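>>> Okay, here's the prediction I keep looking at, along with the sequence it came from:
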Amino acid sequence: MIEGLNDEQSLAAECIDGPVIVFAGAGSGKTRTLTYRIINMIVNHHINPYNILAITFTNKATNVMKERIKAYIDVDSRNLTITTFHSLCASILRQHIDKIGYKTNFTIIDEDDQITVINEVLEELGYQKKQNKKYQAIIKHNKCFMTSPGFDIDKKVFDCYNSKLKEFNLIDFEDLLIKLYELFTLSKETLELYQEKFKYILCDEFQDTNLIQYKILKLLSGKYKNIFVVGDDDQSIYGFRGANYENIRMFKEDFENYSSYTLRQNYRSRQSILDCTNRLISYNQDRESKNLFSDILGESDDVVSYKAIDQIDEAMFIASEISKLHVGLTSYKDFAILYRNSVLLRNIERELINKHIPYKVYGGVSYMKRKEVKDILAYFKLMLNYDDTFSFKRIVNTPNRGIGLATIEKIENIRLDNNINYLEAIEKSKDIIPNSKYDKLISFKDTIWRFSNDIREYNLCDCFDSLIDEIEYIKYLKEEFSEEEAKDRIDNVKEFRSVLLHIEEESVDKDKIKLLERVIDDAMLNDSYKRNQSDNSDGVTVSTIHSIKGLEFDTVFVCGLEEGLFPKEEDTMYSKSLEEERRIAYVAMTRAKNKLYLTYAKRRLLYGFNFVNKESRFFNEALGVDNKYIDTSEKIKTINNKYDGFDKKQIENKPLYKTGDIIIHTKFGQGMILSIDNGIGTIFFDSLKTTKSLLLSHPSISKK
């Protein structure tokens with residue numbers, strides 16, 4: 001047994017030769033195991049550090065491992081390669097990329113530079129630049145999954161983009177992986193050079209590797225097969241980024257004589273918390289079984305479940321509990337509030353502000369500071385004040401109306417020269433602005449003027465709905481951003497309806513202008529409070545679950561645990577999607593060291609509508625309550641109908657489908673059924689350029 005490791009860790013660290021896969025449960029000390037294994041290889045097995053390659057996923061993890069090794073043994077860091085995937089690729093390509101037609105002094109471009117190149121491509125092809133982020137997402141997706149776009153237009157942009165990169169000797173982040181794989185595939189001499197150099201390979205966070213990263217590992221270890229991978233299949237939650245859950249299965253197939261170890265002792269959480277997380281994740285079928293245990297037994301009240309009356313009660317409970325525990329000298333930075341959907345952030349922020357609790361939105365932006373929310377606020381602010389310069393300049397060309405900076409400057413000059421407001425200035429601009437732009441400006445002016453009257457008379461939510469429809473803001477978001485980003489932004493737009501409804505319902509004053517002014521004032525106060533907080537201050541961490549993976553806190557609140565919200569409705573239709581959702585819940589709960597709160601609201605104001613919700617199956621699974629959930633809230637279908645053209649049909653009237661059928665989906669458009677398994681269709685959608693697995697009996701699908 002290696003000193004400093006438990007029995008399970010020692011067994012893994014002592015297995016030096018051949019392929020090894022280690023399933024390391026949450027908080028089970030995988031970094032420690034990796035570090036000690038490297039020390040063991042060098043000190044006890046006399047392996048030359050030059051022949052060792054350890055791959056991590058972040059620079060932080062790289063530095064931690066280097067510092068720990070340095071504290072134990074005196075080894076020249078130049079002889080031991082501990083690095084991230086992308087850094088490894090860059091260093092090898094700097095020496096050998098000329099073998100595949102590039103110059104070794106290539107320039108690595110970031111996402112902003114990538115957009116610049118895409119804009120040049122779109123201009124050359126005669127396409128609209130406003131779709132540059134859409135094409136950026138298509139390019140990233142296809143490079144990540146080693147595929148080519150399925151449509152001629154997308155393929156033309158993809159090919160021209162790659163040609164331009166090569167012409168100017170540029171490499172994007174995805175290319176760092178792709179070009180190294182090409183180099184190893186096309187240059188046997190180079191591959192053999194690095195196979196001899198890296199005779200022993202270790203890879204951390206193996207569950208987060210994508211397909212091309214796995215292929216690189218397979219090539220590098222192909223000669224000696226001394227490859228040691230460690231990760232946790234229960235924490236694989238980055239499928240949307242290209243992380244390939246199937247890599248674990250492929251490893252077992254490609255390295256038949258592999259050794260397998262499981263780390264089950266948890267050093268982070270109390271046993272009472274682990275009992276919950278063990279119960280939860282046991283419902284997943286496609287996993288390596290591991291029942292985590294801890295020497296810290298804990299108390300019966302370490303896990304608290306709270307069934308709130310509504311979203312306000314939920315937020316007030318969370319803020320009150322933090323206040324009480326903080327009085328007991330627990331630092332604010334020891335608390336985390338985690339949620340699946342960012343639209344929940346609004347109510348949480350408000351209650352934290354009300355109780356003067358400092359907080360930091362980790363890896364995200366405060367709700368009222370998001371672009372789409374600020375756009376909507378700007379429309380309403382201009383309706384109240386035709387002289388609002390910042391609002392006018394923000395929205396006069398949002399969504400795109402073809403109004404450039406030169407035109408805006410002319411309107412500004414007319415306003416100042418004549419001492420009039422922006423709407424009046426637009427009317428006076430006919431003689432100095434081309435007709436096509438003038439007509440668009442008049443239409444914009446009419447919209448602002450008409451709604452400024454409507455908000456004085458009609459329900460604010462109805463005005464909001466009409467405004468979003470009239471300016472086609474949802475369509476604009478779908479065109480401007482990638483599918484995942486657009487979906488998040490659309491949810492935030494829908495949630496603004498809740499802001500308006502809440503103000504109307506709780507206020508005695510029925511003056512619509514005063515109500516709208518209050519919405520705007522609340523937003524500004526929210527921003528002011530956030531600006532007064534230092535990033536290094538003692539604040540509660542408020543975060544989506546994906547942003548917080550790898551961190552730990554004394555006390556964790558997992559909120560919004562309602563069926564249809566977490567898991568999301570669409571993820572309950574397909575077992576693989578549901579299992580990933582459950583892994584996300586598992587990651588959230590395993591962040592807690594001493595206290596875990598699970599909350600849900602029986603009624604929730606969401607997207608401007610009141611839901612009566614069932615508690616999430618994850619809530620019950622963690623607490624050991626039987627689940628009887630099949631259908632999710634009908635109200636969510638109503639909301640989708642309002643914003644995405646959801647066509648409610650009777651399920652029993654659905655036609656029979658077969659492979660090859662062309663279908664129409666109310667949200668994703670036209671698609672072709674590639675395969676059918678137990679009523680689940682794998683469908684390739686033209687608009688998405690990829691496949692989705694959906695329940696064919698779902699009312700959103702119809703045969704063309």
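Yep, that arrived.
>>> you'd agree Leu352 is in a helix?
Yes. The assignment for Leu352 is a helix, going by DSSP: H, G, I helix; E, B strand; the rest coil.
>>> ok, it - contacts?
Applying C-beta atoms under 8 Å, 6 or more residues apart in numbering, we find Leu352 in contact with Ala319, Ile322, Pro358, Tyr359, Val540, Val542. Any C-beta I mention is one placed from the backbone N, CA and C, and that applies to glycine too.
>>> Name the nearest of those residues relative to Ile92.
Ile92 lies nearest to Val542 out of those, by C-beta to C-beta, at 40.3 Å.
>>> Of the contacts of Leu352 - the most surrounded one?
Using other C-beta atoms under 10 Å as the neighbour test, the contacts of Leu352 are led by Val540, with 26 neighbours.
>>> For that one, name its beta-bridge partners.
Beta bridges link Val540 to Tyr359 when assigned by DSSP bridges.
>>> Hmm, Tyr362 and it touching each other?
No. Applying C-beta atoms under 8 Å as the test, Val540 and Tyr362 come out as separate, 9.8 Å apart.
>>> Could you say which helix or strand holds the residue nearest the centre of the chain?
Closest residue to the average C-alpha location of the chain: His546 at 6.0 Å, with C-alpha atoms, centre = their mean. Using DSSP states H and E, His546 falls within helix 545-548.
>>> before we move on, what about Ala61?
Ala61 belongs to helix 59-72 when assigned by DSSP H and E.
>>> contact partners of the next helix or strand after that helix?
Next in sequence after helix 59-72, counting helices and strands by DSSP H and E, comes strand 81-84. For strand 81-84, contacts defined as C-beta under 8 Å, 6+ apart pick out 52-59, 62, 65-66, 69, 88, 91, 198.
>>> Just the buried ones out of those residues, please.
Neighbour-count burial (16 or more other C-beta atoms under 10 Å) is assigned, among the contacts of strand 81-84, to Ile52, Leu53, Ala54, Ile55, Thr56, Phe57, Thr62, Met65, Lys66, Ile69, Leu88, Phe198.
>>> thinking again about what came up before, quick one: list the elements packing against the helix holding Ala61.
Applying 3 or more C-beta pairs under 8 Å, 6 or more residues apart in numbering; DSSP states H and E, one finds that helix 59-72 contacts helix 30-43, strand 52-56, strand 81-84.
>>> could you redo the last one with a cut-off of 10 Å?
Applying 3 or more C-beta pairs under 10 Å, 6 or more residues apart in numbering; DSSP states H and E, one finds that helix 59-72 contacts helix 30-43, strand 52-56, strand 81-84, helix 85-96.
>>> So which of the ones you listed is the most surrounded?
Mean neighbour count (mean count of other C-beta atoms under 10 Å) peaks for strand 52-56 among these, with a mean of 24.
>>> what's in contact with the helix holding His546?
237-238, 240-241, 336, 338-342, 361-364, 541-542, 556, 558, 566, 583-589, 591 (C-beta atoms under 10 Å, 6 or more residues apart in numbering).
>>> 7 Å instead?
Ile237, Ala336, Leu338, Arg340, Tyr362, Gly363, Gly364, Ile584, Val587, Ala588, Arg591 (C-beta atoms under 7 Å, 6 or more residues apart in numbering).
>>> Just the closest of the residues you listed to Lys614, please.
Within those, distances to Lys614 taken as C-beta to C-beta reach their minimum at Arg340, with 15.6 Å.
>>> what's near enough to touch the closest one?
For Arg340, the contacting residues are Ile545, Gly560, Leu565, Phe566, Ile584, by C-beta under 7 Å, 6+ apart.
>>> thinking again about what came up before, want to throw the contacts of Leu352 into a markdown table with distance to Ala486?
Shown next, in a markdown table, are the contacts of Leu352 (distance: C-beta to C-beta, whole Å):
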| residue | distance to Ala486 |
| --- | --- |
| Ala319 | 31 |
| Ile322 | 33 |
| Pro358 | 32 |
| Tyr359 | 27 |
| Val540 | 29 |
| Val542 | 23 |
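>>> Secondary structure element for Thr682, which one?
strand 680-685.
>>> Likewise for Ile178?
Short version: Ile178 belongs to helix 173-186, going by DSSP H and E.
>>> Next, the buried residues of that helix.
Buried-residue list, helix 173-186, by 16+ other C-beta under 10 Å: Phe173, Glu174, Asp175, Leu176, Leu177, Ile178, Lys179, Leu180, Tyr181, Glu182, Leu183, Phe184.
>>> shaky segments in the stretch 51-200 of the chain?
76-78 (pLDDT under 70).
>>> cutoff 50 now
Applying pLDDT under 50 to the stretch 51-200 of the chain picks out no residues at all.
>>> Equivalent analysis for the stretch 601-704 of the chain, please.
Within the stretch 601-704 of the chain, the segments meeting pLDDT under 50 span 629-654.
>>> all strands of it, in order?
Taking DSSP state E, counting those that start in this stretch as the test, the strands found in the stretch 601-704 of the chain are 603-606, 609-612, 662-665, 669-677, 680-685, 690-695, 701-703.
>>> Of those strands, flag the one that's most buried.
Greatest average neighbour count among the strands of the stretch 601-704 of the chain goes to strand 603-606 (a mean of 22), per mean count of other C-beta under 10 Å.
>>> which residues touch that strand?
So strand 603-606 is in contact with 309-311, 343, 495, 498, 501-502, 562, 610-613, going by C-beta under 7 Å, 6+ apart.
>>> repeat for stretch 159-169
102-103, 106-107, 117-118, 120-121, 124-125, 139, 171-172, 175.
>>> Can you point out the buried residues in that stretch?
Those buried within stretch 159-169 under the rule 16+ other C-beta under 10 Å are Cys160, Tyr161, Asn162, Leu165, Lys166.
>>> Now the first one: which helix or strand?
So that's Cys160. Counting by DSSP H and E, the element that carries Cys160 is helix 152-167.
>>> on that earlier part again, kindly indicate which of the contacts of strand 603-606 lies nearest Gly404.
Glu495 (31.7 Å).
>>> was I right about the closest one contacting Ser342?
No. Using C-beta atoms under 7 Å, Glu495 is not in contact with Ser342, being 8.7 Å away.
>>> of the two, who's got more company?
Set Glu495 next to Ser342 and count neighbours by other C-beta under 10 Å: Glu495 wins out with 23 against 20.
>>> right, and the secondary structure at Asp17 would be what?
Under three-state DSSP, Asp17 comes out as coil.
>>> Next, the contact list for the residue nearest to it when sequence neighbours are not counted, please.
Leaving aside its chain neighbours, Asp17 sits nearest to Asn226 (5.9 Å; criterion: C-beta to C-beta, 6 or more residues apart in numbering). Applying C-beta under 7 Å, 6+ apart, we find Asn226 in contact with Asp17, Gly18, Lys199, Tyr200, Ile201.
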